[in-house]
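> Sequence plus predicted model, see below.
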Amino acid sequence: MDTFAQTFGTLLRHWRRQRRCSQLELGGQAGVSARHLSWLETGRAQPSRAMVLRLAERLDVPLRERNGWLSAAGFAPLFAEHRLDDPLHPAARAAVQRLLDAHEPSPALAVDRGWNLVACNRLVPLLLTRAAPELREPPVNVLRLSLHPRGLAPSIENLPVWRNYVLARLRRQAAATGDGTLLALHDELQTLPPPVGEPAWPADGAVDDGTRAAADVAVPLALRTPDGPLRFITAMTVFGAPRDVTLSELAVETLLPADAATAEALRRLLAALPNP
């Protein structure tokens, strides 16, 4: 949604409906009458800066969109936005890299709101070696790379299950943020052809060598690699209480070993890498 082309009332109504919240419910949460909310949405009343921020907080509006709310209401944006490689942002960049490195030997990567790779630890490039070079050119979109037939898709044992999981997660994220770019990415990935002749996992997710337990609690990512089969459960980490748009949209995804064989293989891979 193009926030800067909208009035504050239009934005408020859009996000209230996006969160499936009535004027009465939102008014109770924000300490304002439903009538006043109605006036704000129709433009009969103008919000104070504090009111804009309070309503955005109650509706869990992302920081980027909160800046759009402030601008639409006639106020200056509050939340700064810096690239992680900005010379003014070295502490944030270093903190992200330390977090990624601390997850070794598990592969870990940081992605922005559009699932573009921002940073990673030393294990991640080892998983991408068989992807086509053009898919590894920055900016690397990790979801496109994972589902593309010239990316990781031919190496994913449970590709149908994993594809459904990725698309469902992307749909939820697009709905939560109102980001048309994410919806476009979802539509693009949905049209990617699956590799021909690749076996799928059983519909119930059953697998051998002890991975069934992992499949019972989360959708695993199962990869065929030159170092043998690797099976992961993914975990997402976000930064608490961010005040910067970039940090608020950053997520760290860690590929945790789903079985003992994968854990041992990752330890061997890490030991073979040159010292940093």
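Noted; the coordinates are in hand.
> List the backbone torsions phi and psi for residue 153.
Here is the backbone geometry of residue 153 (degrees, to the nearest 10): phi -50, psi -40.
> Roughly how far does it sit from residue 162?
When distances are taken as CB to CB, to the nearest Å, residue 153 and residue 162 turn out to be 9 Å apart. (Each C-beta comes from the backbone N, C-alpha and C, glycine too.)
> Low-confidence bits of this protein, can you list those?
Low-confidence segments of the chain (pLDDT under 70): 1-5, 84, 86-88, 194-217.
> quick one: the strands in it?
Counting by DSSP state E, the segments of the chain that form strands are 108-111, 117-120, 221-225, 228-238, 251-257.
> Make CSV out of these and add distance to residue 145 and mean neighbour count.
Formatted as CSV, the strands of the chain follow (distance: least, CB to CB, whole Å; neighbours: other CB atoms under 10 Å):
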stretch, distance to residue 145, mean neighbour count
strand 108-111, 11, 22
strand 117-120, 8, 20
strand 221-225, 13, 20
strand 228-238, 15, 17
strand 251-257, 13, 19
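> Quick check: which of those strands is nearest to residue 45?
Distances from residue 45 to each of the strands of the chain were compared using CB to CB; the minimum, 34.3 Å, belongs to strand 228-238.
> CA atoms only for the closest one, dumped as PDB, please.
Listed in PDB are the C-alpha atoms of strand 228-238, where the atom choice follows Å, rounded to 0.1, in the frame of the first residue of the first chain:
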ATOM      1  CA  GLY A 228      25.400 -36.100   2.400                       C
ATOM      2  CA  PRO A 229      21.800 -35.400   3.400                       C
ATOM      3  CA  LEU A 230      21.300 -32.400   5.700                       C
ATOM      4  CA  ARG A 231      18.000 -31.900   7.500                       C
ATOM      5  CA  PHE A 232      17.200 -28.600   9.300                       C
ATOM      6  CA  ILE A 233      14.500 -27.000  11.400                       C
ATOM      7  CA  THR A 234      14.400 -23.200  10.800                       C
ATOM      8  CA  ALA A 235      14.200 -20.600  13.600                       C
ATOM      9  CA  MET A 236      13.600 -16.900  13.100                       C
ATOM     10  CA  THR A 237      15.000 -14.200  15.400                       C
ATOM     11  CA  VAL A 238      14.000 -10.500  15.300                       C
END
